[in-house]
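Engineer: build me a model:
(chains A, B, C and D)
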2 protein chains.
Amino acid sequence: MVSVGTPKEGSGAETRERILVEASRLFAVQGYHGTTTREIAAEVGISQPSLFFHFPTKKAIVEELCRLDLIPAVSRIEGLLAGGGSPAAKLFAMIAGEVACILASPYDLRAHLAYEVLNDPDLGTYRDLAHRFDEATRDVIRAGCDTGEFIEVDPAIAQQLVIAVLLRAPVTDRHVQPNLKDLEPQMSAALVLRSLLTDPGRLDDVAAEAAPLTRRYCAA
Amino acid sequence: MVSVGTPKEGSGAETRERILVEASRLFAVQGYHGTTTREIAAEVGISQPSLFFHFPTKKAIVEELCRLDLIPAVSRIEGLLAGGGSPAAKLFAMIAGEVACILASPYDLRAHLAYEVLNDPDLGTYRDLAHRFDEATRDVIRAGCDTGEFIEVDPAIAQQLVIAVLLRAPVTDRHVQPNLKDLEPQMSAALVLRSLLTDPGRLDDVAAEAAPLTRRYCAA
DNA sequence: GTCTATAGATGGATAGAC
DNA sequence: GTCTATCCATCTATAGAC
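Structural biologist: As a prediction, the model looks like this:
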C-alpha cells in the first residue's frame, strides 16, 4: 500500500513545523533576541546548524511566524468588516474569534509580535499588517460610537484595550481553571463589550447576534 | 555663592540618571536582550565602557529599573488595601493612580517588566514583587465580587485585564491626543470599572469615592 | 568621570562528511 | 536531513591612560 497522504518531503516538513512551534514558545517567554538558535535546536532535538537547513536565517523563523499570524488575522477582520451586522456584534465576534484562534494555534503567538519584534526595522513589512489590523479595529469602534451603541470614547484608547486583551489571552489562559478554557473567547469579548456598550444590558443580545459572525470569523 | 542644592557627587548622579532614562526607553522598544550597551551609551552621549563606571553590569541597570518601579508600586497597592473604602473605589484608585505614576515617571517603565525580563531566572527577586502586586489586585477584585459590587468573574481574568491596561498605558499614551493626556488615568480606570461593576450606573459615584484615595495613592 | 584599546565570551552562520 | 568542527561578527566587561 502506497502512502499518498504525505507528500514527497518525508519528515522534513515535520521538523520545520516543530522548529516553528518551539521557537514561538521560546520567543514568547524570552523574547526574540533573548532566545538563541542553540536553545531552539535543543528543544527540537537537533543540532544547532541543522536549523539552517530548514530556515536560511534566525530572522526567517520569526518572519514566518509573523506571516502565519498576521496575514490570516488581517484577512479575517477585513472580511468581517465587509459583511453585515451591527458594530457591537462585529466587535464581539472579532474578539471572541481572535481569542479562539490564538488559543487553538499550535504556536505561542501574539506575545512575540509585541515590542521588540514589530519595532525591529528589519521586520517593517509586518508592522504594516499590524497597523491594518489596528485600523480595522478602530473602524469598528468608530462605527459603534456613531450609531450610539458605544459610549463616547477615544477609538485609540478602546483599540488599545482590545489589543491588550488579545495579547494577554495566552498568558491569561495559563492562569485560568481548565474547565473555563472553552469560555475564554466569550468572556474576553464580554469583558470588553460591557465597558463599551452604552446599555450594558444589551450584552446578551449582542452575543447572540455575534454567534454566527464568530463562527464565520474562525472559519475564514 | 556656594551651590548647596546639589550634593558632592557633581554631575556623576546626573549621568547615572540619564543612563536609567535612556536604557528604559530602549528596553521598552527593543527589549532587554535586543538593546546593547553601545546603544545606551550612544543615547547618553558617552563611550560604551563609561557605563561600567556607573553600573557594574548591564543586568544591574535593568535590576535598578525593576526596583524603582516595583517596590513603590507594591507599597502603594498594599497601603491602599490596608486602608478603608469600598472595593470598587479601591480598584478605581489603584488603576488611576498607577497610570498617573507610570505617565509621570521619567522612565519608560512597565513594558520591560513583561515577558523576557521577569521570566529571566537571573531576575527572580523581582518576579516575587510582581506576584505580590498581582495578588493584591486579585484581592480587591475578590472583595468586590463578595460584596456584590462586581459581577461574578474569575479574579485571574479580571486581574489580567487590569495588568493589560497598565502595561499598555505608555503605548496608548503615544496614540492619544495631547489634550486627553491628563484624563487618561481616569479613563483607564473607568474603562475597567464599567466592565466589572454589577451596576455600571454607579460609575460616577465610584469615581467620586475614589478621588481622595487616588490622591493618597499617588503621594504614597 | 571619561576615554582608547582590547580581552573574553557568546551567538549566528558556513563547510563538508555521512 | 543531520552531524561535527569552526569561522567570524558582535557584545559585555576590563585595563590603564588622562
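
Engineer: for A:R142, which non-adjacent residue is spatially closest?
Structural biologist: A:P155 (5.1 Å; Cβ to Cβ, 6 or more residues apart in numbering or on different chains). Just so you know, the C-beta spots here come from the backbone N, C-alpha and C atoms, and that holds for glycine as well.

Engineer: residues contacting the nearest residue to A:R18 once chain neighbours are set aside?
Structural biologist: Leaving aside its sequence neighbours, A:R18 sits nearest to A:V44 (Cβ to Cβ, 6+ apart; 5.0 Å). If a contact means Cβ atoms under 8 Å, 6 or more residues apart in numbering or on different chains, then A:V44 has A:15, A:18-19, A:22, A:51 as its contacts.

Engineer: among these, which one sits closest to DNA strand D?
Structural biologist: A:T15 (4.1 Å; Cβ to the nearest atom of the strand).

Engineer: what's the spacing between that closest one and A:R25?
Structural biologist: Remark: distance between A:T15 and A:R25 (Cβ to Cβ, to the nearest Å) = 16 Å.

Engineer: with A:L123 instead?
Structural biologist: To A:R25, A:L123 is 19 Å away according to Cβ to Cβ.

Engineer: residues in contact with stretch A:196-203?
Structural biologist: A:88, A:91, A:141, A:144, A:148-151, A:153, A:158, A:190, A:193-194, A:206, B:194, B:200.

Engineer: can you select the buried ones from those in ChimeraX?
Structural biologist: Here is the ChimeraX command that selects only those of the contacts of stretch A:196-203 that count as buried (16 or more other Cβ atoms under 10 Å in any protein chain shown):
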select /A:88,91,141,144,149,150,151,153,158,190,193,194,206 /B:194,200
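
Engineer: max pairwise distance over the contacts of stretch A:196-203: which two?
Structural biologist: Largest separation among the contacts of stretch A:196-203 by Cβ to Cβ: A:G148 and A:A190, giving 20.1 Å.

Engineer: rewinding a little: now the contacts of A:V44 in JSON lines, with pLDDT?
Structural biologist: Output for these, formatted as JSON lines (pLDDT from 0 to 100):
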{"residue": "A:T15", "pLDDT": "98"}
{"residue": "A:R18", "pLDDT": "98"}
{"residue": "A:I19", "pLDDT": "98"}
{"residue": "A:E22", "pLDDT": "98"}
{"residue": "A:L51", "pLDDT": "98"}
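
Engineer: restrict these to those near DNA strand D?
Structural biologist: A:T15 (Cβ under 7 Å from any atom of the strand).

Engineer: and stretch A:58-74 with DNA strand C, contact?
Structural biologist: Yes - Stretch A:58-74 is in contact with DNA strand C by Cβ under 7 Å from any atom of the strand, via A:58-59.

Engineer: can you list the weak-confidence ranges in chain A?
Structural biologist: Low-confidence segments of chain A (pLDDT under 70): A:1-12.

Engineer: give me the most central residue, it.
Structural biologist: With distances taken as Cα atoms, centre = their mean, the residue of chain A nearest its centroid is A:I102 (4.8 Å).

Engineer: residues in contact with it?
Structural biologist: Listed by Cβ under 8 Å, 6+ apart, the contact set of A:I102 reads A:109-110, A:166, A:169-170.

Engineer: that one: which element?
Structural biologist: A:I102 belongs to helix A:87-104 when elements are defined using DSSP states H and E.

Engineer: over to A:L109?
Structural biologist: Using DSSP H and E, no helix or strand contains A:L109.

Engineer: distance of the closest residue to it other than its chain neighbours relative to A:P155?
Structural biologist: Spatial nearest neighbour of A:L109, chain neighbours left out: A:D69 (4.7 Å); criterion: Cβ to Cβ, 6+ apart. A:D69 is 23 Å from A:P155, where distance means Cβ to Cβ.

Engineer: and what of A:G85?
Structural biologist: As judged by Cβ to Cβ, A:G85 and A:P155 stand 19 Å apart.

Engineer: got it, and A:D108?
Structural biologist: 29 Å.

Engineer: what do you get for A:T172?
Structural biologist: Counting by Cβ to Cβ, the gap from A:T172 to A:P155 is 24 Å.

Engineer: of these two, who's got more company?
Structural biologist: Between A:T172 and A:P155, counted using other Cβ atoms under 10 Å in any protein chain shown, A:T172 has the larger neighbour count: 24 against 19.

Engineer: any idea which element the more buried one lies in?
Structural biologist: helix A:155-175.

Engineer: and the next element down the chain from that helix?
Structural biologist: From helix A:155-175, the next helix or strand downstream (DSSP H and E) is helix A:184-196.

Engineer: for whichever helix or strand comes after that following helix, the distance to its chain's centre please.
Structural biologist: For helix A:184-196, the succeeding helix or strand toward the C-terminus, using DSSP H and E, is helix A:203-219. Here the centre of helix A:203-219 is set off from its chain's centre by 18 Å, with Cα atoms, centre = their mean, to the nearest Å.

Engineer: returning to what we had before: so is the helix or strand following the helix holding A:I102 next to DNA strand D?
Structural biologist: Sequence-wise, the next helix or strand downstream of helix A:87-104 (DSSP H and E) is helix A:116-119. No - Helix A:116-119 lies out of reach of DNA strand D by Cβ under 7 Å from any atom of the strand, never closer than 13.4 Å.

Engineer: got the contact list for A:F133?
Structural biologist: So, once contact is read as Cβ under 8 Å, 6+ apart, A:F133 ends up touching A:70, A:73-74, A:77.

Engineer: between the residues you listed, which is nearest DNA strand D?
Structural biologist: A:L70 (26.4 Å).

Engineer: okay, domains of chain A per the record?
Structural biologist: Per the record, chain A has its domains at A:12-58, A:60-219, by automatic domain parsing.

Engineer: so which residues make contact with the helix or strand where A:E78 lies?
Structural biologist: Take DSSP H and E as the rule and A:E78 turns out to sit in helix A:58-82. With Cβ under 8 Å, 6+ apart as the test, helix A:58-82 has contacts from A:19-20, A:23-24, A:27, A:32, A:37, A:40, A:51, A:55, A:90, A:93-94, A:97-98, A:101, A:105, A:107, A:109-110, A:112-113, A:117, A:122-123, A:125-126, A:129-130, A:132-133, A:136-137, A:139-140, A:213, A:216-217, A:220.
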